[in-house]
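Asker: With the sequence up front, the predicted model follows.
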Amino acid sequence: ETIAPMGNSPTFLSMKQMRDVVPLWQNMSVAIFKDKEANEKWGWVQEMYAFTISLYVIGVRHVDLILHMMAQPPWDSRMQMGPGRPYYILHYTYGNDFSAEGKHTPGKFGFWRFDKRTYSKPPPRRLGDPPEKMQNDIVRALISHINEATENIPCWDEYYKTGQLAECDEKIPNSIYPTAQRRQP
């Protein structure tokens, strides 16, 4: 209980605390990665554990977590935690699986799926839309934002195919997304 909690970022620290914790955090992350048991047990969240342990080592025992700063789809489904408490960050770490009827299917590959771990290279220019009956506004926003970004980045199709940045003369077409502000290369 004397270790600062891990999770729901952001974590607010002073610049002195950051200067103290960052080198230790890097070294702790490498040590945990090299420790077979810790690596197997903590997997892809080992850097988060390394951060929390490093905070403890430098003497930070309490961190204020502001839960409404960050939404974690699909577990959060509305654009705000409550009245007047909007989310400001979308943390897409979990797989988003839904049935054709729009029901969340955690732990099972759904009819519709978005999981960043599916892509060992960049995602295609246009991800498919979630099922029509799905009632998760945050997952819809996440997919919309990814689609808006890939639609507006010149040469994205070449980048998707090769994983390499490419020079091209691609002109960006008018966006199908009303919030997009197009910039010509």
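Answerer: It's in. Numbers count the residues shown, from 1 in each chain.

Asker: and residue 97, what are its bridge partners?
Answerer: Residue 97 forms beta bridges with residue 113, as assigned by DSSP bridges.

Asker: was I right about it contacting residue 130?
Answerer: No: applying C-beta atoms under 8 Å as the test, residue 97 and residue 130 come out as separate, 10.2 Å apart. Placement of C-beta: from N, CA and C, glycine included.

Asker: the more surrounded of these two?
Answerer: Taking neighbours as other C-beta atoms under 10 Å, residue 97 and residue 130 compare with residue 130 leading, 23 against 19.

Asker: so that one sits in a helix?
Answerer: No: assessed with DSSP: H, G, I helix; E, B strand; the rest coil, residue 130 is coil; it does not lie in a helix.

Asker: Can you give me the distance of it to residue 96?
Answerer: Distance of residue 130 to residue 96, computed by C-beta to C-beta, to the nearest Å: 8 Å.

Asker: now do residue 33
Answerer: Where residue 96 is concerned, residue 33 sits at a distance of 27 Å (C-beta to C-beta).

Asker: any idea which element residue 30 lies in?
Answerer: Using DSSP states H and E, the element containing residue 30 is helix 15-34.

Asker: Give the buried residues for the helix or strand following that helix.
Answerer: Sequence-wise, the next helix or strand downstream of helix 15-34 (DSSP H and E) is helix 36-42. Across helix 36-42, burial judged by 16 or more other C-beta atoms under 10 Å covers residue 42.

Asker: And stretch 94-107, by the same measure?
Answerer: Applying 16+ other C-beta under 10 Å to stretch 94-107 flags 95-98, 102, 104-105 as buried.

Asker: Between residue 97 and residue 130, which contacts overlap?
Answerer: residue 112 (C-beta atoms under 8 Å, 6 or more residues apart in numbering).

Asker: ok, and what's touching stretch 159-167?
Answerer: Residues contacting stretch 159-167 (C-beta under 8 Å, 6+ apart): 121-125, 153, 155, 158.

Asker: 10 Å instead?
Answerer: Contact with stretch 159-167 is made by 119-125, 150, 153-158, 168, 185, as judged by C-beta atoms under 10 Å, 6 or more residues apart in numbering.

Asker: most neighbours, which of the residues you listed?
Answerer: residue 156 (21 neighbours).

Asker: Let me see the contact set for that residue.
Answerer: 122-126, 149-150, 166, 168, 170, 172.

Asker: what mean pLDDT does stretch 16-34 have?
Answerer: For stretch 16-34, mean pLDDT is 94.
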